[in-house]
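Engineer: how does the following fold in three dimensions:
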Amino acid sequence: VLGKKLEDICSSINEKKLNEEEELLINIYNKQYLIKKSSIYVKDVNKGSIYSLQNISEMQKLERNIRKKLSSKGLVAKYSLEDTIGKSPACVKMKNKAKKYALTNSTILITGESGTGKEMLVQGIHNISDRAQGPFVALNCAALPENLLESELFGYVDGAFTGAKRGGRQGMFELAHGGTLFLDEIGEMPLSLQSRILRVLQEREVMPLGGESIIPIDVRIIAATNQNLSKMVEEGKFRSDLYYRLNILRIHMPTLAERKEDIPLLADKLLQKMQYINLNLKSITEEAKSFLSNCKWPGNIRQFVNMMERIMLLTDGDTITKQDVINAYEDDKESLISNEKEIIECTESINTVDKNLAQMEIELLHKILVEENYNYTKAAKRLGIHRTTLWRKLKNK
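Structural biologist: Purely as a prediction, here's the structure:
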């Protein structure tokens, strides 16, 4: 083959097209190869080119092995943006922001109440970013004491402290190199560590505990909190410079109360996803979904998922009905059912369905008073109103 043209040796190689694209997928003897061209320059004069070929099946095998090793360490994002279910305006706005922000490498701060699905959204952002093939590392800043949190984040060298692992250990920043580091509950991070995090964000380099050399890193930081960081800054509980460094791109996670129209969609999706809990279940009635939509969910999606699991376990037939839902959270009635539902249930129990709202209210007030032995303070507390308000309502009636 020496002295012959590439096209004569292998007709699949189009040198002109390769000059334009520098990388081509070609077929040689019924096998797929990636061919890459690298030009050779001697004193700024082009002396030729080197063409390297890689077997695609070998590359795929190598990638599978890498993903397998990352997965065994828990460094892979499992969820996509499609796993965040919802068509409500609040949910659509949130996901549109996430898609735009995923295209950048800027730091993202995600705020929202506990149980709204912040980590699922973060994993979705990672999986559509250009870092999707890199590691995804998550750390809960509230789960570890300060000394352990520092070693987890920055790593340590051999003999850095008593009990240190022989040979040292890589920190989360190093493990996330080329990928995404998710710092959950960032508001719980001690002030002493916040300054070190700030330096990493600014300089893009870390120094392990006990180390003497700087390690450059390429990591995208996404932080999340359920606290009001701006208020914490005012109170001196969070560094202002770190807050402004984190607060470049911001996404607010809506509560389940702010996206109630998504509850029927979530119910259908969870019924399908968790069918292994009760294989007899096939569907959920519209009445049951409507009832769930009218409930209060202080624990947000996390609480809703747990409740759906309980409902599925306790349902006997092949369809979840409104009564199945009521039976499932009999013990949680006070925390889940809205005030409107409480009034309806109370008035039904004392046969006042056909009476007007004013009469229903007065009977409800008297009923609670009787149950509390006419203790106005206790009755007002149960009703969620001030004692004076209760007294005035009864007097006016």
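Engineer: can you pull out the low-pLDDT segments for the stretch 251-397 of the chain?
Structural biologist: 330-358, 360, 395-397 (pLDDT under 70).
Engineer: where do the helices sit along it?
Structural biologist: For the stretch 251-397 of the chain, the helices defined by DSSP state H, counting those that start in this stretch cover 263-273, 286-293, 300-314, 322-328, 333-336, 339-349, 357-371, 376-383, 387-396.
Engineer: can I get these in a markdown table with mean neighbour count and distance to Phe136?
Structural biologist: C-beta: built from backbone N, CA, C; applies to glycine. Formatted as a markdown table, the helices of the stretch 251-397 of the chain follow (neighbours: other Cβ atoms under 10 Å; distance: least, Cβ to Cβ, whole Å):
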| stretch | mean neighbour count | distance to Phe136 |
| --- | --- | --- |
| helix 263-273 | 17 | 21 |
| helix 286-293 | 17 | 32 |
| helix 300-314 | 18 | 21 |
| helix 322-328 | 17 | 35 |
| helix 333-336 | 14 | 34 |
| helix 339-349 | 13 | 41 |
| helix 357-371 | 15 | 52 |
| helix 376-383 | 16 | 47 |
| helix 387-396 | 12 | 52 |
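Engineer: so which of these comes closest to Leu229?
Structural biologist: Among the helices of the stretch 251-397 of the chain, the nearest to Leu229 by Cβ to Cβ is helix 300-314 (19.5 Å).
Engineer: what packs against that closest one?
Structural biologist: Judged by 3 or more Cβ pairs under 8 Å, 6 or more residues apart in numbering; DSSP states H and E, the packing partners of helix 300-314 are helix 263-273, helix 322-328.
Engineer: so which other helices or strands are in contact with the last one?
Structural biologist: Identification of packing neighbours for helix 322-328 by 3+ Cβ pairs under 8 Å, 6+ apart yields helix 286-293, helix 300-314.
Engineer: could you measure from the nearest residue to Asn27 once chain neighbours are set aside over to Arg196?
Structural biologist: Among residues not flanking Asn27 along the chain, Ser12 sits closest, at 5.3 Å (Cβ to Cβ, 6 or more residues apart in numbering). In this view, Ser12 and Arg196 are 53 Å apart by Cβ to Cβ, to the nearest Å.
Engineer: which ones are touching the spatially most central residue of the chain?
Structural biologist: Residue closest to the mean C-alpha point of the chain, counted by Cα atoms, centre = their mean, is Glu119 at 1.9 Å. Contact analysis of Glu119 by Cβ atoms under 8 Å, 6 or more residues apart in numbering lists Ala138, Phe182, Asp184, Ala224.
Engineer: again, only this time at 7 Å
Structural biologist: Listed by Cβ atoms under 7 Å, 6 or more residues apart in numbering, the contact partners of Glu119 are Ala138, Phe182, Asp184.
Engineer: quick one: which of those residues is most hemmed in?
Structural biologist: Phe182 (26 neighbours; other Cβ atoms under 10 Å).
Engineer: ok, the helix or strand hosting that residue: who's next to it in the sheet?
Structural biologist: Remark: Phe182 resides in strand 180-184, with elements defined by DSSP states H and E. Within its sheet, strand 180-184 is paired with strand 136-140 (parallel), strand 220-225 (parallel), according to DSSP bridges.
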